[in-house]
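Q: predicted model and sequence follow; I will ask about them next.
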Amino acid sequence: MLKHKFLLIDLLKYLSITIFVIMTLICTSNAFAQEVYVINSLADDEFSSAYDDPNTPADESKDGICGDELGRCTLRAAIEEAYNRNAAAKFIFNVSGTIDLYNFLEIPDNCEIDGANQIEISGFYPISAVDNTKIKGLRISTTFGVEISGTNNIIGDPNHYNEFVNSYTSLIITGDNNKVINNYFGITKDGNLMPNQYGLMVAGSNNEIGEVDPSNGNVFCGNQTSAIEIATGSDNKVKNNLIGTTADGRTDAGNKTGILIGGSDNNIIGGETWEEGNVISGNNTNGIFITASPPDSYSDNNIISHNIIGLKPDKSTWIPNNSGITITNATMGAQIYDNIISGNDGNGIEIFAYDEDSFTLSHVIYRNFIGTDGGENVLGNDGYGIYIGGNVKIVAVGQDESNRYEGNTIVGNRVGGVYISALAGFSPERIVVRDNKINTNGILNLYVDTSANIGIKPPYNLKYNSGLITGKHLLKGAIIDIYSAKRFELAPSAYFRIGTTHTDSLGNFSYYTNQNIESIAVTATEYVWGNTSSFARLDIVTDVADELKTVTDYSLKQNYPNPFNPSTRISFSIPKEEFVSLIVYNSLGEEVAELVKETKSAGNYSVSFNAGELTSGIYFYQIKAGDFLETRKMILMR
């Protein structure tokens, strides 16, 4: 008997558990199976809520039949009906036109609005949602757009896009793990500009803005403050979007700023493939601007990769941002790689800090095309390819001192290639520039001012003899990078790296090459702290006669550039074979350099003078050729 009693108790327990599981499954199924409401009215007014007839015992506001006080199925009545029933719902329309909101509209969790691109929602008040909602097929022109505060919401759809237009804040996301795909911000699908003040504002984490599928990117155009602003949170992804232009390359559709990151970490702009990259072109100030508000916030470890910044989507011509990428104000650890950054009105990349609070450090810039289309076509930035100024530390441009990373191509930028200088009384330190192609940039290719990088100077006493390159530097153990240069390019240049060596305990270095080279540019990098110098230059053939022109007179031309720092070129002509000497003197009449001392045939000649080890001041260069004697003045300005 006792045994049967225990068996009965076990059976009751089993039945109780089974019933509980079944009821749980039923409740879960009911919670996520969507009811469908067909909206038949565009009205939104004081009568538009779900209506409960006081003259009946039933509560019609939650009977699953949409109706307001006037018998209409309005969007508000349908939403309230679903909320009252705690039901997942889909809201569709058999009308088209505009709903002018008269109050806030909150979409219940697990619900979907599909306007089939026939419905506009306008007015002052926002639409809000928390978790697991979908919004698609709408034009949203309310003053305060849409606000998403929860998770797993999807804004947009591959088949039914949204248009966010004429809003102050068109879409704000403060939650996590949401998706924004196939939307138009500030512009309609058919190309009409209807600017928002702010396009998309994100203050959450792990949100995805765009997807790799071509139909799932967003278009941001004409927004008057920013297209995308990421203020807090982390790990958001922005990929495959058009920001400031359209697929056919419109030039009149720029936002004020393309992407602004201000106090957010670990975001990815682009991705590991070109399919994930964004086109960020045509914006009035910055393509990408990363900043923070120290000491309250910092922006750390953001990645910018595989984006086109400053060109048409097909890379055929310019659609300039004012500047490509700007980094400042307590931004740390940015990684910029595998981008095309060309055609911008200002600098391609600029990193600067002007006081102690705005100090910025630990950035890497590698494998980018800065000034070209990624191939042979030059589409230079109008400023510098890369500008680094002020209180900036630890930046690798190309390979670092530990041989990590790969070089950039920095070619064809109008003012210069890489420019590293003091700003507001602060000087950059530990800036490494190695293994980059830097050539045909304005008046200079690589400039490191004398206060930057703890004042490291270029190598000196460069010599070449039958393939052996030798020289000196003040530091022992310095990394010496030797590049192939062009003899007739005014500034020292780098077309490819010939090789790398180090200075010995006395500061001497040597490197042998069997390559056919006409000129070299050489940098020194401090191994321990990673400070790189400007280029030193040596023309392997220091002079070439101009055989196409008959020289009839002796002449010594003014050096160019003048003033200079640290290199300049001096040209002269002789009408017949003579023993020629060309000597440089300081203001005390002391010889400081011997540029030429040999017999030369008639012709035009040009030699390079590198004053890397000399102090600022006035210098004189004097030529003697037979009875011809002439002296000119030049100015070295640090």
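A: Looks like it came in fine. Computed from a prediction, not measured in an experiment: that's the story for all the values here.
Q: lowest average confidence, helix or strand, in the chain?
A: Counting by mean pLDDT, DSSP states H and E, the weakest-scoring helix or strand in the chain turns out to be helix 2-32, with a mean of 40.
Q: run through who's touching the next helix or strand after it.
A: Heading C-terminal from helix 2-32, the first helix or strand you meet, by DSSP states H and E, is strand 35-39. Strand 35-39 is touched from outside by 64, 66, 73-75, 78, 81-82, 85, 87-95, with contacts defined as CB atoms under 8 Å, 6 or more residues apart in numbering. To be clear about C-beta, it is placed using only N, CA and C from the backbone, and glycine gets the same treatment.
Q: check which residues of strand 35-39 are buried.
A: The neighbour-count check on strand 35-39 (16 or more other CB atoms under 10 Å) flags 35, 37, 39 as buried.
Q: ok, now stretch 200-211?
A: In terms of neighbour count (16+ other CB under 10 Å), stretch 200-211 has its buried residues at 200-205, 207-211.
Q: that stretch: end-to-end distance?
A: The straight-line separation of the ends of stretch 200-211 (CA to CA, to the nearest Å) is 16 Å.
Q: next: stretch 463-482.
A: 12 Å.
Q: list the buried residues of it.
A: For stretch 463-482, burial by neighbour count (16+ other CB under 10 Å) applies to 464, 469-473, 475, 478-482.
Q: tell me how far it is from the chain's mean position?
A: The gap between where stretch 463-482 is centred and where its chain is centred comes out at 36 Å by CA atoms, centre = their mean, to the nearest Å.
Q: where does the protein have low pLDDT?
A: Counting by pLDDT under 70, the chain contains low-confidence residues at 1-32, 541-550.
Q: thinking again about what came up before, closest to residue 313 out of the buried residues of strand 35-39?
A: Taking CB to CB as the measure, residue 313 sits nearest to residue 39 out of these, at 37.7 Å.
Q: residue 253 against residue 192, yeah?
A: No. Checked against CB atoms under 8 Å, the pair residue 253 and residue 192 is beyond contact range at 10.5 Å.
Q: pull the CA atoms of the strand ranked longest in the chain into CSV?
A: Assignment by DSSP state E gives strand 112-123 as the longest strand of the chain. Extracted as CSV, the C-alpha positions of strand 112-123 are listed here (Å, rounded to 0.1, in the frame of the first residue of the first chain):
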residue,chain,number,x,y,z
GLU,A,112,6.2,45.3,-36.7
ILE,A,113,5.1,48.3,-38.7
ASP,A,114,5.2,47.8,-42.5
GLY,A,115,4.1,50.9,-44.4
ALA,A,116,5.0,49.3,-47.8
ASN,A,117,6.5,52.6,-48.7
GLN,A,118,3.0,54.2,-48.9
ILE,A,119,2.9,55.8,-45.5
GLU,A,120,4.5,59.0,-44.1
ILE,A,121,4.4,59.7,-40.4
SER,A,122,4.8,63.4,-39.6
GLY,A,123,4.3,65.8,-36.7
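Q: helices and strands around that strand, which ones?
A: Contact here means 3 or more CB pairs under 8 Å, 6 or more residues apart in numbering; DSSP states H and E; on that basis strand 112-123 packs against strand 89-93, strand 97-101, strand 134-140.
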